[in-house]
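S.K.: based on what follows, work out the 3D shape:
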Amino acid sequence: MFKLEPRAQPSKAMSMASPVLALAITVLIGVVLFVALGIDPLKGLGAFFVEPLKSAYALSELSVKAVPLVLIALGLAVCFRANVWNIGAEGQFVFGALAAGWVAMQAGPETGWAWLGRGVVVVILLAGVLGGMVWAGVVAWLRDRFNASEILVSLMLVYVAEQVLGYLVYGPWKDPNGYNFPQTISFDAVTKVPRLVDGLRLNVGALIALGAVLGLWAFLFRTYQGFALQVGGLAPAAARYAGFSSRRALWMALLISGGAAGLAGALEVAGPLGQLTPYVPAGYGFAAIIVAYVGRLHPVGIVFSALLMSMFYIGGELAQSRLGLPKALTGVFQGLLLFALLACDTLVHHRLRFVGAKS
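M.R.: Next up, the predicted model:
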């Protein structure tokens, strides 16, 4: 028999290497899966790890996937460091997209918004942030007022947000000239997020995401508020003794997280999508949980983790179109990476000890 025992002093080097080891394990299991499916492993791995990096166009598409993952994961990192378990970033993403989409639909050339010109993009993005914060604020209020579980509340609100989206695009917001498809009108060109390179979908969202990385790093590691928030998550008793407000930490963490997810939603609908459809929820809010943990809840680590997860998204699409594999393979790789990371972390902090059978 074997027993898990906590290590007296977990290795810092192994803790840092754990995500890399988890990725290696994921790749090895992926090879086995490709062989079992009758696919050349080199072609399969190439679709996931080579094709997304082969050209400027591929890198541009990689950034389109990575930007929402980075933004949402940054917000989740704040929550998780504060010991607030926000599992509903997908709903906050959707609600941010709804708020941004409503502003975008009002911003045609014949409306009162025309005087803003391209500045309306800023209003659209701010609306997305506000929408995400409002949806996360519902979670914070229920936790603060009734001590409701933020895990359950935030998760259930994901489905509420999706139902609201469905009602609007199938009903009041449906494009009357859209041949009865469940979608809004296409947003006016002036509302679209500016692209950085002609002919590519790389847009200013990438710069916003990098700015958010720097801003969160400064907030967490260079400000009193960031220090107080993290102490409240690591040691609530010590935080109370030091006079830090757990209530303030709860609201701050959820509002930052909701705002980041809402911003990601706004960038998505005002960027690649250009309208609201039932397919706005792409699973980024759930995938960002993996991104945050693989990135060790650190802003810089989250960037690399988001790029890896984006490669899984693009690789899954390429594997489907070129190799005839199911699109669900993307979720398989995401799940493998998470479980491999959990297993590695468990062995970093614990050791297996053989326990002889008792007579």
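S.K.: break down this protein into its helices, ranges please.
M.R.: 12-36, 41-49, 56-81, 89-105, 120-146, 150-170, 205-222, 224-234, 236-241, 246-268, 284-294, 299-323, 329-349 (DSSP state H).
S.K.: lowest average pLDDT across those helices?
M.R.: Lowest mean pLDDT within those: helix 236-241, a mean of 75.
S.K.: what's the nearest residue to the residue positioned nearest the centre of the chain if we skip its chain neighbours?
M.R.: Computing the C-alpha centroid of the chain and ranking residues by Cα atoms, centre = their mean puts A288 first, at 3.0 Å. Nearest non-adjacent residue to A288, counting by Cβ to Cβ, 6 or more residues apart in numbering: I72, 3.8 Å away. C-beta: built from backbone N, CA, C; applies to glycine.
S.K.: quick check: which of the helices of the chain is buried the most?
M.R.: Most buried of the helices of the chain by mean neighbour count (mean count of other Cβ atoms under 10 Å) is helix 89-105; its value is a mean of 30.
S.K.: which other helices and strands contact that one?
M.R.: helix 56-81, helix 120-146, helix 150-170, helix 246-268, helix 284-294 (3 or more Cβ pairs under 8 Å, 6 or more residues apart in numbering; DSSP states H and E).
S.K.: what's the closest of the ones you listed to A17?
M.R.: Evaluated over the helices and strands packed on helix 89-105, closeness to A17 peaks at helix 284-294, with 12.6 Å, by Cβ to Cβ.
S.K.: contact partners of that closest one?
M.R.: Contact with helix 284-294 is made by 19, 22, 68-70, 72-73, 76-77, 80, 87-93, 158, 261, 264, 301-302, 305-306, 308-309, 313, 334, 337-338, 341, as judged by Cβ atoms under 8 Å, 6 or more residues apart in numbering.
S.K.: one more: stretch 264-271?
M.R.: 64, 67-68, 71-72, 92-101, 104, 121, 124-125, 127-129, 131-132, 187, 191-193, 201, 203, 205, 208, 275-276, 280, 282, 284.
S.K.: that older thread, can you add distance to V31 and give the helices and strands packed on helix 89-105 back as a markdown table?
M.R.: Shown next, in a markdown table, are the helices and strands packed on helix 89-105 (distance: least, Cβ to Cβ, whole Å):
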| stretch | distance to V31 |
| --- | --- |
| helix 56-81 | 23 |
| helix 120-146 | 39 |
| helix 150-170 | 34 |
| helix 246-268 | 33 |
| helix 284-294 | 20 |
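S.K.: out of these, flag the one nearest S11.
M.R.: Smallest distance to S11 across these (Cβ to Cβ): 18.4 Å, for helix 284-294.
S.K.: how far is that closest one from where the chain is centred?
M.R.: 5 Å (Cα atoms, centre = their mean, to the nearest Å).
S.K.: between it and helix 329-349, how many degrees?
M.R.: With axes from the mean of the first three to the mean of the last three Cα atoms, to 10 degrees applied, the angle from helix 284-294 to helix 329-349 works out at 30 degrees.
S.K.: relative to helix 150-170, how tilted is helix 284-294?
M.R.: 150 degrees.
S.K.: would you mind putting the CA coordinates of helix 284-294 into PDB?
M.R.: C-alpha atoms of helix 284-294 as PDB (Å, rounded to 0.1, in the frame of the first residue of the first chain):
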ATOM      1  CA  TYR A 284     -13.000  31.000 -22.900                       C
ATOM      2  CA  GLY A 285     -14.300  31.600 -19.300                       C
ATOM      3  CA  PHE A 286     -13.800  27.900 -18.400                       C
ATOM      4  CA  ALA A 287     -10.600  27.400 -20.300                       C
ATOM      5  CA  ALA A 288      -9.100  30.500 -18.600                       C
ATOM      6  CA  ILE A 289      -9.300  28.600 -15.300                       C
ATOM      7  CA  ILE A 290      -6.800  26.100 -16.700                       C
ATOM      8  CA  VAL A 291      -4.800  29.000 -18.100                       C
ATOM      9  CA  ALA A 292      -4.600  30.800 -14.700                       C
ATOM     10  CA  TYR A 293      -3.400  27.600 -12.900                       C
ATOM     11  CA  VAL A 294      -0.900  26.500 -15.600                       C
END
